[in-house]
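next one to model:
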Amino acid sequence: GGVVRALDSSTTHRVCAGQVVLDLCSAVKELVDNALDAGATALEVRFREHGVASLEVSDNGSGVRPGDFGALCRRSCTSKLRAFAELRQVGTLGFRGEALSSLCAVADVVVTTCAEGEAVGARLEFDAEGELCASAAAARPRGTTVAVSNLFAKTPVRRKELERHARRDFARAVHVLQGYALVAPNVRVAVSNQPAKGARTTVVHTPGGAGKQLAQVMPAVLGAKAAGCLQRFQTQVELAEGAGAVNVDGYVSRAAPGCGRGSADRHFFSINRRPVELPKLTKALNEVYRTHSATGQVAMAVLDIKMPPEVVDVNVTPDKRTVLLHCEKTFFAGIKEAFAQALEPARSTYELNMTQPERRAVSRKAVADNQAEAEAAGEAGAGGKEGQDGTGQ
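Residues are numbered from 1 along each chain as shown. Modelled structure (predicted):
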């Protein structure tokens, strides 16, 4: 016989799970995707010891019906996609049916849920294969809570990495959650951390509510000072080869003293309401802003991009934050040109009204302000706002 043989299902499951849930940030992201896909209008994310002990995502969405309990955490089981052809028009944040299954392989998972119309909720425990191993009645309003503990305990190297860099990974997770709060301003978002000792701290809190607009939640997410440095930015870019048009709407830094930042840590992009990472767009915006800023800073940006589904591929990486764009050269060039035009009037006024010594003084103050803000943000990411409690359902 040969040496090539099929891996058993358990080994395959554990190997593949490590490619879906890479770190604390991806674990949180997958759970938030599920909550928003379930129609949640209130979302609470609770960390214990920056996620090392546990993390919990609770929502007031549609909940899980009893008939779906058994398949809930099985691999490739989903209610969001029926055939590959639907992927081109998929409107949900998740679609592969791998997130909960993968979490079961790398952590302990307990789901408490109650669907609309059910008299009582249920507390569900799952084994490492994603199979339901225990179920009990539980009091809960409509919605779902997923509790994940001992993340990566079954993979010692990743567990040590999580423990060693807990605060860094927690800060990254908070940044991703800030992006979701900006994409869904109508959703009440609360993010908190409970340290081993001391009071629970709240690091993100938005009010939510029907009809809430992006401008109304930016001060809560970015801070009032940072939000006050932004201006509305809207443009439309016609793609080549009859691929349609891309509409961009959001906010970018004004070309005024102190309105930029020393690093590109405040770029939040979404495509068709899906939070994504667009390094080339970050680079394009920064190149333009540096030419309009006397301090050499980079811009802040919160942009929602609407484009035809057929010109974007979201099925590229496990976390679905990296995407491929058709006609991206045309798109980025159009954004760059529009951004330069939006900043030009402010730069002209700034240059006419200030002397060179004044500009140098403003530059030094802006750099100092940004350093202070960065240090404060680092402390907030690690510890949050002392004395506040997270809110949610």
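
can you pull out the helices in this structure?
9-20, 24-37, 99-106, 156-164, 166-183, 214-222, 224-227, 279-292, 328-353, 356-383 (DSSP state H).

lowest average pLDDT across those?
Ranked by mean pLDDT, the helices of the chain bottom out at helix 356-383, with a mean of 54.

contacts only, for the nearest residue to residue 46 once chain neighbours are set aside.
Excluding the flanking residues, the one nearest residue 46 by C-beta to C-beta, 6 or more residues apart in numbering is residue 56, at 4.5 Å. To be clear about C-beta, it is placed using only N, CA and C from the backbone, and glycine gets the same treatment. Applying C-beta atoms under 8 Å, 6 or more residues apart in numbering to residue 56 gives the contacts 44, 45, 46, 145, 146, 147, 148.

ok, the third one - contacts?
By C-beta under 8 Å, 6+ apart, the contact set of residue 46 is 55, 56, 57, 58, 191, 192, 193, 194, 390, 392.

from residue 165, how far out is the closest residue to the fifth one other than its chain neighbours?
Taking C-beta to C-beta, 6+ apart, and ignoring the residues beside it in sequence, residue 191 has residue 204 as its nearest neighbour in space, at 3.9 Å. Relative to residue 165, residue 204 is positioned 20 Å away (criterion: C-beta to C-beta, to the nearest Å).

neighbour-wise, which of those two wins?
More crowded of residue 204 and residue 165, by other C-beta atoms under 10 Å: residue 204, with 21 against 15.

shouldn't the more buried one be in contact with residue 176?
No. Using C-beta atoms under 8 Å, residue 204 makes no contact with residue 176, being 10.5 Å away.

in strands, which of the contacts of residue 46 fall?
55, 56, 57, 58, 191, 192, 193, 194 (DSSP state E).

the last one: neighbour count?
The tally of other residues near residue 194 (other C-beta under 10 Å) stands at 18.

so what's it bridging to?
When bridges are called by DSSP bridges, residue 194 pairs up with residue 48.

so it makes contact with residue 48?
Yes. Using C-beta under 8 Å, residue 194 is in contact with residue 48, at 4.8 Å.

can I get stretch 51-65 in PDB, CA atoms only?
Extracted C-alpha coordinates of stretch 51-65, given in PDB (Å, rounded to 0.1, in the frame of the first residue of the first chain):
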ATOM      1  CA  GLY A  51      -9.800  37.500  26.700                       C
ATOM      2  CA  VAL A  52      -7.300  35.200  28.300                       C
ATOM      3  CA  ALA A  53      -9.900  33.800  30.800                       C
ATOM      4  CA  SER A  54     -13.000  34.200  28.500                       C
ATOM      5  CA  LEU A  55     -15.000  36.300  26.100                       C
ATOM      6  CA  GLU A  56     -18.700  36.500  25.700                       C
ATOM      7  CA  VAL A  57     -20.900  38.000  23.000                       C
ATOM      8  CA  SER A  58     -24.500  38.600  23.800                       C
ATOM      9  CA  ASP A  59     -27.200  39.900  21.500                       C
ATOM     10  CA  ASN A  60     -31.000  40.500  21.200                       C
ATOM     11  CA  GLY A  61     -31.200  39.000  17.700                       C
ATOM     12  CA  SER A  62     -33.500  36.300  16.400                       C
ATOM     13  CA  GLY A  63     -32.100  33.500  18.600                       C
ATOM     14  CA  VAL A  64     -31.700  29.800  17.600                       C
ATOM     15  CA  ARG A  65     -34.700  27.600  17.200                       C
END
